[in-house]
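Asks: predicted coordinates and the sequence they were generated for:
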Amino acid sequence: MVCGLSGTVLVGNLERSARRAARWLVERTPVRGIRDWGIKFSLWPVHFTTACCGAEFAAASAPRFDAERFGFLPFVGPRQCNLMLIEGTLTRKMAEAAVWVYEQMPEPKFVMSMGACAIDGGIFWNSYNIVRPKDILPVEVFVPGCPPRPEAVARSIIMLQKRIERGESVGLRV
Amino acid sequence: MASGSEVGEVAAPIEGALSGISSELSVRGEVVSIRVRPEDLREAAERLLRLGFDHVKAVTAIDRPGEGIIEVVYHASSYGNPGLTGIIAELRTSVPRDDPRVPTLTEIWPSALYQEREQWEMLGVIFEGHPELERLLLPEDFGGPPPLRKDFKIPTEGINA
Amino acid sequence: MGGVEEVGGRGGRNPVVSLWGHLKAVGTGLKYLIAVPRMTVKYPDEVIELPDGYRGMLIYHQDLCISCGLCATICPANAIKMYLPSGGGGGEGGGEKPETPPKRHPGIDYARCIFCGFCVDICPTGALEHSKVHDAAYERVEDMLYRPEEFAAGPPTVEFERPPKRLRPVMDERRGISYEPVG
Amino acid sequence: MSGAGSGERTLELLIGPQHPASGHMRLVAEVDGDVVVRLRPDIGYVHRTVEKIAETKTYLQTIPLIERPPLADTANHNLGYVMAVERLLGVEAPPRAQWLRTLLAEMNRIHSHLYGLGIHGIMLGSSTAFMWAFGDREIMIEMAKRLTGARITYSYMIPGGVRRDLPPGFAEEMEKALRYLERRLPDYDRIFFSNPVTRARLEGVGVLTREDAIRLGVVGPNLRASGVAYDVRRARPYAAYPELDFQVVTRSEGDSMARMLVRVGEIRESIRMIRQILARMPDGPILAERYAKMIPPKWRDYVRETGRIKFPAILASLRPPKGAEAVSRVEAARGEAVFYLVSDGGPRPYRMRMVTPSLRNVVLFSHLTRGCRVADIPAIYGSLDYFPPEADR
Amino acid sequence: MGALGWILGLLLSPWVFVPLIYPGLVSAFAVLLFIIWFERKLAAKVQRRFGPYYVLRHLGGATQLVADLIRYLFAEPIIPEEADALAFVMGPALLFGLTLLPVVAIPVSGTFYAIRSDVSLLIVLALLTLGAAMTLIIGWAGNNKFSLIGGLREGFLSMAYEIPLFVAALSMAAAYGTLDLVDMVEVQAETAWGVALNPLAAFVFLVISFLATSRFPFEISEAESELVMGPFTEYSGIMYGLTMGASYLKYYVLCLLFSIMFLGGWEPVPPQLAAVPFGPGVVVFAKALALMALGVFLRAVYPRYRVDQAIRLAWHYLLPLSVASVFVSMGAAWLGLTGA
């Protein structure tokens, strides 16, 4: 993506052919299965709270619902994470940051939208300052609710895991 | 239950403190409403501060296109003076809508700093002398009229699909 | 304020006090490591039974509906809209017909719904009701729009790989929340 | 390094909006070595234009709207807004409704403070403090869920009363929950509040003097930690507060530790208050007579049996008199929230001004962090219990 | 015998076995995969939850770190455009390798070791300090302000902790009268464990091993709430995995050293293991692992210190204490407790 390898030791055609070779290798059956299994149980959402659903997201990570059971570990930097959870309304100012953060994440990466605001604006649908995440990011799973219950967040994690397992996830294709 | 003194008892000293400034006083619940002219705003605020109203709770600008004015309302009260904590002094003034300029009160009430900035951004009221009148909440590239003006329309939907 | 008052007392940086503090902290950690039970609900295997009156996704009884439109009027997020019957082509924008239009029925867009429950509370006939479903997730935004027919078919069902244990939370003096199996 | 220009001593750190300790905002810190020279908060990342949207929604529809910005503290803001609407309309909620409102407000205060303490914990690196606080927050959320039917966005108070009565067995369950919380607080104390590391990090850090607190118009626990005993519940009591016995928790040090401990003290006071409320709750209706009599007759039995109000249709289009104005203030968990409503006689607010506690505390960022160390930024930030969506609205 | 036997023989020769299998690469990897999972489980238990679970439901998610590792392997390795590519790429590998290097001088048993030297303690300590320099380079290479600050913090801290670390370790050398780790274990077998002989040195060494490896409450150079990931902010994929592993690895080495210096090393050897040449190493391993469990448990207890506080702690308290521990050792030797 944007923060790619150009200008570094690996440039030009070498980079492209290396990537092609890597992709060819990854697409073989056993490798692919292992990779998908690893990704499925190691979804690390980047620590990027866009709005108030972050409170329920935190509750989903907290002891009562404990999302870490799924290998879901909120982590600090975009470079180490592979999942972006849009936690509520994306304002115009935040949307810019969201795209930045998304581009900083290494592939394969996934996007989930949490809360009505992150789907169609929710109660803020007619605000002049919001952006619908699906317009700017490849969102795969939508969780309704305002805010969604922590169970719904867990449900969405399971849904994403299933998508990865079935190879449907767009995050795996880029 | 020390609920501060009653509003009526405070209205009189306020009236006294504001003598010499053309002002209209009215009492509404816990609120003593004082309407002054824009040029008297600073003087009135200073006198209220001397009386013990030491902080601003809210700075509100109201767009009234029908009358061609923007009202600027300060709600001030007191932390330090136990007799005044239950009272809110509502200092209000009106400025023309096409050239809304009021003097800033940040030197008198530093607590108005961010709210004046917000009202400048949202309604285009220029607080003259404000130290940092710049974007607060909106994105840098925000265009169009100040969004809380009535002529800034946002979509609405009916009940039918 | 009991213990907290003592804590707040500035003990300075007395090494002995500090050491005692360290020991207390580690001891408390050990206590929880060994003795205090977990409070986690293992969600897909265990499901919390929601209380009566929980504001979950909606159930729509079309037979009771009188098409008054109050639900759509009160909806703060404009998630409920009145739809023409689908045979009459009640598509985008709701084309106004010169003859008397057929009755409209509510449909809901969960992409906007905020689960405030105002629609249920204002429905004069009880045609709207809360279900206890509140853990659905969708892969497509379009699936979240329920037109009257789909709306009347009931709330979305969620599938579990293994049949979940249903648990009712009960307050517990020692553990905070404990869970009782239901049914 | 891009920020360290030629010959400059300072480095500009952009903390946020994607940063583990920035929340939904950006802090622009100018640092000289490990010392912060200047810190400027860049807010607005969660500005959702509540005040503008309120002008397109009816008075009732605005209730969920004003609940979203202060998401961890919905009940208190809901109460403040509803009080303002009631003043516009000249309605008063019946006593039982007032007590129920106070009950939910205090429950919300507990879980909001736990939220703040948990976030403060994670900012200092104590994941256990975060997990415990967020776990115990669930206790109050669970109880509130039984009362209101939602986890945190209650929309429980409506003009003229509340939507639901106490469910059966609520008081007994609540007593257990409160005892549990009381048992837990000493453990929090041992592992977090009086942990020597926490104390080393917080004591004497970010000191706010009494004079500055007043001058800057700081609110809530941050104000009371600097020795100003201002609390709206005492200064201008509302709902059932005039009849409750509680202390205004204050401390004199004004540092980050004091701010944290004031919150802990307030949790204890809220526990006391909830006990009093449940013991002394008056009987009676929960919706003002003016609206209760408009509930359709076929629902009267339902309302009596379930304790859940069915809205009369008039609530969908409340019209206060033209030109009416109302100001209300409540002591929300994070501090004083002020609502200012202006009516033009229509069903929608002409102007809704919502001044949240966090908006009034923004000023502290640049004030308290001058000369502190980089590591103190999260320590001070956490101690303010600042919630960006609440400030940005 | 044939080729298989020859390979086996080669593997079992100390020169290959020690760096490659135990205490080297293979066991180090196993420890990493286990201890990070264990850390998460311990913290989760204190925090009243489960931690990793569904990845291997019946064993408490024991393969969680395998999944994380696989994900790291397949994640795109990003090299920021403005980074110093060579240092950026080489950094993690070198850091990992250098951190593992000291194990060559750590004996597995009285007869099984790669290097036996009169000064093997000094060799281990000297090799241990290389990692911190690598962290500085990594912090600089990322061209990110946070990683730069993190790297500098690591530099300051390493200056602060290395002297007390050396002094505390050398005080034990004074007590045992040798710098040879094998001899140290033998002295302990004859007299008493080092932790009893000189508890002060043991305490200082333990605290410094937390400080030197970013364990709580000294998780300072990569303090997430201040510096995102400190020096490692810009790393993704397996390069990040290596950097994260390196701090655990350093802790592993320090714990091995601690159990040899203070906990009697491989003594007492269970008779079943005595016959195998590297059998006694299992005891050291078990002791080190128990010690690591203690260190990772502290994550559940502590917030983190500020960098200046940690540095002050090292200079103001640990350094004098480590000097005092020299006198304790001298006293113990004078009393004849050490047999030296």
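Replies: Now that the structure is in, tell me what you want to look at. Numbers count the residues shown, from 1 in each chain, chains lettered A, B, ... in the order given.
Asks: does any bit of the helix or strand where D:Arg259 lies sit next to chain E?
Replies: Element membership of D:Arg259 [criterion: DSSP states H and E] is helix D:256-280. No. Helix D:256-280 does not reach chain E (Cβ under 8 Å from any Cβ of the partner chain); its nearest approach is 11.8 Å. Using the backbone N, CA and C atoms, a C-beta is placed for each residue, glycine as well.
Asks: what's the nearest residue to D:Glu325 if we skip its chain neighbours?
Replies: Distances taken as Cβ to Cβ, 6 or more residues apart in numbering or on different chains place D:Val342 nearest to D:Glu325, at 5.2 Å, with adjacent residues excluded.
Asks: show me what that neighbour bridges to in the sheet.
Replies: With DSSP bridges as the criterion, D:Val342 is bridged to D:Glu325, D:Arg351.
Asks: picking that back up, list the buried residues for the helix holding D:Arg259?
Replies: By neighbour count on 16 or more other Cβ atoms under 10 Å in any protein chain shown, the buried set for helix D:256-280 is D:256-274, D:276-278.
Asks: ok, now stretch E:103-121?
Replies: For stretch E:103-121, a neighbour-count test (16+ other Cβ under 10 Å) marks E:103-110, E:112-114, E:116, E:120-121 as buried.
Asks: equivalent analysis for stretch D:161-171, please.
Replies: Residues of stretch D:161-171 classed as buried under the neighbour-count rule (16+ other Cβ under 10 Å) are D:161-167, D:170.
Asks: what about these, which are in helices?
Replies: D:Phe170 (DSSP state H).
Asks: in JSON lines, list the buried residues of stretch D:161-171 along with pLDDT and distance to C:Val182.
Replies: Shown next, in JSON lines, are the buried residues of stretch D:161-171 (pLDDT from 0 to 100; distance: Cβ to Cβ, whole Å):
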{"residue": "D:Gly161", "pLDDT": "89", "distance to C:Val182": "32"}
{"residue": "D:Val162", "pLDDT": "90", "distance to C:Val182": "28"}
{"residue": "D:Arg163", "pLDDT": "89", "distance to C:Val182": "26"}
{"residue": "D:Arg164", "pLDDT": "89", "distance to C:Val182": "22"}
{"residue": "D:Asp165", "pLDDT": "89", "distance to C:Val182": "24"}
{"residue": "D:Leu166", "pLDDT": "89", "distance to C:Val182": "22"}
{"residue": "D:Pro167", "pLDDT": "89", "distance to C:Val182": "17"}
{"residue": "D:Phe170", "pLDDT": "90", "distance to C:Val182": "19"}
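Asks: so which of the buried residues of stretch D:161-171 is the closest to chain A?
Replies: Checking the buried residues of stretch D:161-171 against chain A with Cβ to the nearest Cβ, the nearest one is D:Arg163 at 16.9 Å.
Asks: right, and that closest one touches C:Asp121 too?
Replies: Yes. If you go by Cβ atoms under 8 Å, D:Arg163 and C:Asp121 touch, sitting 6.7 Å apart.
Asks: what is in contact with the two at once?
Replies: Common neighbours of D:Arg163 and C:Asp121, counting by Cβ atoms under 8 Å, 6 or more residues apart in numbering or on different chains, are D:308-309.
Asks: wait, does the helix or strand harbouring E:Met239 contact chain A?
Replies: Assigned by DSSP H and E, E:Met239 falls within helix E:237-261. Yes. Using Cβ under 8 Å from any Cβ, helix E:237-261 reaches chain A at E:237, E:240.
Asks: and A:Asn77, what does it touch?
Replies: Just to correct that, residue A:77 is Gly rather than Asn. Contacts of A:Gly77 by Cβ under 8 Å, 6+ apart are A:46-47, E:228-229, E:233.
Asks: in strands, which of those appear?
Replies: Applying DSSP state E to these, no entry is found in strands.
Asks: export those residues as TSV, with columns for pLDDT, neighbour count and distance to chain C.
Replies: Compiled in TSV, the contacts of A:Gly77 are given as follows (pLDDT from 0 to 100; neighbours: other Cβ atoms under 10 Å in any protein chain shown; distance: Cβ to the nearest Cβ, whole Å):
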residue	pLDDT	neighbour count	distance to chain C
A:Val46	87	25	19
A:His47	81	23	21
E:Val228	78	27	26
E:Met229	78	26	25
E:Thr233	83	26	29
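Asks: helices of chain B, residue ranges please.
Replies: B:7-17, B:41-51, B:113-123.
Asks: which one, of the ones you listed, ends up nearest to chain E?
Replies: Using Cβ to the nearest Cβ, the nearest of the helices of chain B to chain E is helix B:113-123, at 24.9 Å.
Asks: quick one: average pLDDT of the closest one?
Replies: Averaging pLDDT along helix B:113-123 gives 89.
Asks: roughly how far is that helix from the heart of the chain?
Replies: 11 Å (Cα atoms, centre = their mean, to the nearest Å).
Asks: let me know the angle separating the longest helix seen in chain E from helix E:237-261.
Replies: Scanning chain E for the helix with the most residues, using DSSP H, yields helix E:145-176. Angle, helix E:145-176 to helix E:237-261, by axes from the mean of the first three to the mean of the last three Cα atoms, to 10 degrees: 20 degrees.
Asks: could you pull out the strands in chain B for me?
Replies: Assigned by DSSP E, chain B shows strands spanning B:23-28, B:31-36, B:55-64, B:69-77, B:88-96, B:101-103, B:126-128.
Asks: not counting its neighbours along the chain, what's nearest A:Glu107?
Replies: Leaving aside its sequence neighbours, A:Glu107 sits nearest to E:Glu76 (Cβ to Cβ, 6+ apart; 4.4 Å).
Asks: pull the contacting residues for that neighbour.
Replies: A:1, A:106-108, E:236-237.
Asks: dump those residues to a markdown table, plus pLDDT and neighbour count.
Replies: Below are the contacts of E:Glu76 laid out as a markdown table (pLDDT from 0 to 100; neighbours: other Cβ atoms under 10 Å in any protein chain shown):
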| residue | pLDDT | neighbour count |
| --- | --- | --- |
| A:Met1 | 40 | 13 |
| A:Pro106 | 86 | 23 |
| A:Glu107 | 80 | 16 |
| A:Pro108 | 85 | 22 |
| E:Ser236 | 83 | 26 |
| E:Gly237 | 83 | 20 |
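Asks: now C:His130. Its backbone dihedrals?
Replies: Phi and psi for C:His130, reported as degrees, to the nearest 10, are phi -90, psi 140.
Asks: next, count neighbours for it.
Replies: If you count neighbours by other Cβ atoms under 10 Å in any protein chain shown, C:His130 ends up with 22.
Asks: same question, A:Ala116
Replies: Residues contacting A:Ala116 under the criterion other Cβ under 10 Å number 32.
Asks: next one: phi and psi at it?
Replies: phi -60, psi -40.
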